[in-house]
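Q: okay, sequence plus prediction incoming.
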Amino acid sequence: MLNHIVLMGRLTRDPELRRTGSGVAVATFTIAVDRDFANSATGERETDFIDIVAWRSTAEFVSKYFAKGRMAVVSGRLQIRPWTDKEGNKRRSAEVIADNVYFGDSKREGTDAGFGGTPAAPATYAAPAAPAPASEFAMIEEDDSQLPF
């Protein structure tokens, strides 16, 4: 069986980071995801608001680098959680348990769009590469002022 979901949308609020009784980090946030098609009656595209739950290092990463309005790509699994309301009625909530969360926009896009928070550099989890021998380096004589970064 397969339960895998990938979503791309903007955070509707800053992530909320909490810790369980044993100290495990858990972050909750909601993303707004536009549908690919327009409503035939109104001609407008509808938006779905999807609750996301991230655990451990993913939770800490999200709470540190994401803020309201930032574009996020979430990869994970769909989970249906049953619960009982105050009147005793049985309810169900759908949420995505995030395995990975990626930046869906560049730092420049997130900043220029006027959204809250200051985007930060993405975290790097790979071990640093060993330095190359000095003989492999060469000076670049060309003007690099036209490069986009």
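A: Happy to help now that I have it.
Q: which secondary element of the chain has the worst mean pLDDT?
A: Of the helices and strands making up the chain, the lowest-confidence element is helix 107-112, at a mean of 53, by mean pLDDT, DSSP states H and E.
Q: which residues does V26 form beta bridges with?
A: Beta bridges link V26 to R18, W55 when assigned by DSSP bridges.
Q: same check, this time on the one 4 residues further on
A: According to DSSP bridges, the residues that bridge with T30 are D51.
Q: was I right to think it contacts P15?
A: No - between T30 and P15 there is no contact under CB atoms under 8 Å: 9.4 Å. Placement of C-beta: from N, CA and C, glycine included.
Q: more neighbours: which of the two?
A: Comparing T30 with P15 by other CB atoms under 10 Å, the one with more neighbours is P15, at 25 against 18.
Q: for the closest residue to the more buried one other than its chain neighbours, what are its contacts?
A: Sequence neighbours aside, F29 is the residue nearest to P15 in space, at 4.1 Å (criterion: CB to CB, 6 or more residues apart in numbering). By CB atoms under 8 Å, 6 or more residues apart in numbering, F29 lies in contact with 11-16, 51-52, 54, 62, 66.
Q: at 6 Å instead, please
A: Contacts of F29 were listed using CB atoms under 6 Å, 6 or more residues apart in numbering, and they are 11, 15, 52.
Q: same thing with A72?
A: Shown in contact with A72 (CB under 6 Å, 6+ apart): 31, 66, 101, 104.
Q: show the pLDDT at the residue nearest to P15.
A: pLDDT recorded at F29 is 97.
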